[in-house]
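Enquirer: just the structure for this:
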Amino acid sequence: MAGSETRSCAGRRWLAAFAALAVLVAAPAAARAEAAPKNPELAAAKRAYDAAEYAEAAKLLRPLAEQGDPGAQFLMGQMFFFGLGVERDDGRAANWYASAAKAGNTEAMYRLGYLHATGQGVAYDAVAAERFWLAAANKGHRGAIVALADFYHEGLYRKEDEVLARRWLNRAAMTGDIESMYKLGRRLMTPETVATDFRRAYAWLYIAANRGHTAAKSFIDKNKRFFAPHEVRRGEAWGKAYIQKGTPVPAPPGES
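Expert: Down below sits the predicted model:
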């Protein structure tokens, strides 16, 4: 009973922690920005999918997915996960995502990680979630990078790791994710196993505030007195360089 309660509690913690990712995961048309498939049959299926003609899309996609086409497998996963043209089934969605992920589809890797992190369609398994997100993140998938930032920041699986938390928050911030910028700024002010860095903290809080993050703006307004003048000057300079030119905010090798 205790083990079951622990797993249930862990699942609830994941769902709460990844609420911000729901927008990314809840977009059935997330693949629309990709280049048109070279396979004419897959292209026809994707046109039907993008036009919300899901029954037709499912009819065209299924044989392609069964033949091993990773693009079709990913879209079949989407259809089962969201119940588009088929009865919603998280387990079957996970199976199709797994097939696409095995073939190297990074969006499928990311979404399969999410299913393992929340226990939807598969057993709750934070180790598997981390593995799939790392695979996608190492290929530049923004959603996976942001997910890993929360994974380590929240310490939901392993004992909280300060270096990993800062590293992935930094990478997520560099993708333009303003929530990660805010979290990184706050974390850089907290003395844990890694030294504080108030210049970088101010830079990321400054960037987030200028991108419309209300909590970051409020934090600066209320706590600016805790920053030394030289920390504010340097932080603002780094922040403006990022905003105007995309210049990375300097970070130690272990955190970049």
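Enquirer: and stretch 208-217, end to end?
Expert: Counting by CA to CA, to the nearest Å, you get 8 Å between the two ends of stretch 208-217.
Enquirer: next: stretch 149-161.
Expert: OK, stretch 149-161 end separation, CA to CA: 11 Å.
Enquirer: pLDDT (mean, whole number) over it?
Expert: Average pLDDT, stretch 149-161: 75.
Enquirer: cool, and stretch 126-137?
Expert: Stretch 126-137 comes out at a mean pLDDT of 95.
Enquirer: same question, stretch 63-76
Expert: Across stretch 63-76, the average pLDDT comes to 96.
Enquirer: list the buried ones in it?
Expert: For stretch 63-76, a neighbour-count test (16 or more other CB atoms under 10 Å) marks 64, 65, 69, 70, 71, 72, 73, 74, 75, 76 as buried. (Each C-beta comes from the backbone N, C-alpha and C, glycine too.)
Enquirer: which non-adjacent residue is nearest residue 171?
Expert: The shortest distance from residue 171 to any non-neighbouring residue, by CB to CB, 6 or more residues apart in numbering, is to residue 145 (5.2 Å).
Enquirer: could you do residue 111 as well?
Expert: residue 97 (5.4 Å).
Enquirer: measure the one you found to residue 120 for me?
Expert: Noted for residue 97: a distance of 11 Å to residue 120, by CB to CB, to the nearest Å.
Enquirer: also residue 84?
Expert: Counting by CB to CB, the gap from residue 84 to residue 120 is 16 Å.
Enquirer: so how far is residue 149 from the residue positioned nearest the centre of the chain?
Expert: Nearest residue to the geometric centre of the chain (CA atoms, centre = their mean): residue 143, 2.8 Å. According to CB to CB, residue 143 stands 11 Å off from residue 149.
Enquirer: what's the local residue count around the nearest residue to residue 248 once chain neighbours are set aside?
Expert: Spatial nearest neighbour of residue 248, chain neighbours left out: residue 174 (6.2 Å); criterion: CB to CB, 6+ apart. Applying other CB atoms under 10 Å, we find 18 residues neighbouring residue 174.
Enquirer: just residue 194 next, same as before
Expert: Residue 194 - counted by other CB under 10 Å - has 16 other residues nearby.
Enquirer: swap in residue 89?
Expert: 15.
Enquirer: count the residues that sit near the residue nearest to residue 171.
Expert: Counted with other CB under 10 Å, residue 145 comes out at 25.
Enquirer: name the helix or strand for it, please.
Expert: Assigning secondary structure by DSSP states H and E places residue 145 in helix 142-154.
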